[in-house]
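*Asks:* this one's structure only:
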């Protein structure tokens with residue numbers, strides 16, 4: 001289980017993000033030249049390996065999940081991989097991600113294909129996070145019982161919007177405990193947090209509670225991942241690492257924060 005850090009409400013209460021500085025930094029990053037030819041292909045291949053191939057629809061069926069699993073095992077056409085001399089590298093997505101009720105279907109499909117690709121499951125009242133706490137905890141337990149090895153939790157945005165940071169910390173700690181040795185990721189749903197300051201605080205609370213992986217969004221909000229939000233989350237990761245030495249994974253940058261080159265806010 002990852003390290004946790006004692007809740008520091010003094011640090012949280014003193015945070016204030018300079019929005020104009022973040023927006024300026026985002027413009028600078030977006031203005032950079034994009035690598036071309038083989039460099040671009042290399043980065044795109046790397047991006048594929050960081051993806052949790054996902055189906056989170058109301059009409060999901062075992063057939064949908066089966067097709068998803070086959071796509072995750074071979075996400076790129078074989079002839080394209082041959083042209084890049086990557087056909088024998090075992091390139092897959094990072095995982096498949098489904099609702100808890102579809103975890104068993106994914107496990108069956110992957111076993112039938114002799115694949116050990118991880119199965120991730122959203123939980124804790126995804127995407128809104130508004131169900132009772134015990135219901136959210138039970139959802140985590142059920143997904144793990146069916147074979148999920150990764151759990152994507154969502155935070156209760158109401159706690160962030162009303163400044164109840166200690167309550168958010170306590171909830172995440174309980175989710176972390178329910179996950180046991182399973183890999184747990186925290187989705188912040190940044191499009192519903194209101195301000196970049198709240199994004200920074202929520203990122204820091206998640207890390208203080210013992211998370212090693214923070215994500216921007218559920219994909220269900222009106223606004224999801226953006227450059228400014230990624231910068232703020234990366235700065236929170238960097239500051240957390242500099243204070244604790246614990247590595248945190250950021251799903252936009254695709255790196256563990258054990259270096260000094262994360263974008264500054």
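*Replies:* Perfect, I can see it now. Treat the numbers as computed from the prediction; the structure is a model and nothing was measured. Residues are numbered from 1 along each chain as shown.
*Asks:* In space, what's closest to residue 159 - neighbours in sequence excluded?
*Replies:* Leaving aside its sequence neighbours, residue 159 sits nearest to residue 168 (CB to CB, 6 or more residues apart in numbering; 4.3 Å). To be clear about C-beta, it is placed using only N, CA and C from the backbone, and glycine gets the same treatment.
*Asks:* check contacts around that neighbour.
*Replies:* Listed by CB atoms under 8 Å, 6 or more residues apart in numbering, the contact partners of residue 168 are 155-156, 159-160, 202, 205.
*Asks:* Show me which pair in those residues is furthest apart.
*Replies:* Pairwise distances across the contacts of residue 168 (CB to CB) peak at 11.4 Å, for the pair 156 and 205.
*Asks:* Name the residue in those two with the higher neighbour count.
*Replies:* Under the neighbour definition other CB atoms under 10 Å, residue 156 and residue 205 were set side by side, and residue 205 has more, 27 against 23.
*Asks:* what's the spacing between the more buried one and residue 13?
*Replies:* Residue 205 sits 12 Å away from residue 13 when distances are taken as CB to CB, to the nearest Å.
*Asks:* and what of residue 6?
*Replies:* 15 Å.
*Asks:* again, but for residue 65
*Replies:* To residue 13, residue 65 is 44 Å away according to CB to CB.
*Asks:* ok, those two, which is more surrounded?
*Replies:* Looking at residue 65 and residue 13 with other CB under 10 Å, you find the greater number of neighbours at residue 65, namely 24 against 11.
*Asks:* Remind me what the strand or helix carrying that one packs against, helices and strands.
*Replies:* Per DSSP states H and E, residue 65 falls inside helix 62-73. When contacts are defined as 3 or more CB pairs under 8 Å, 6 or more residues apart in numbering; DSSP states H and E, helix 62-73 sits against strand 52-54, strand 95-98, helix 103-112.
*Asks:* got the angle between the last one and helix 62-73?
*Replies:* So that's helix 103-112. Counting by axes from the mean of the first three to the mean of the last three CA atoms, to 10 degrees, helix 103-112 lies at 50 degrees to helix 62-73.
*Asks:* Which secondary structure elements does helix 103-112 sit against?
*Replies:* Using 3+ CB pairs under 8 Å, 6+ apart, the elements in contact with helix 103-112 are helix 62-73, strand 95-98, strand 119-122.
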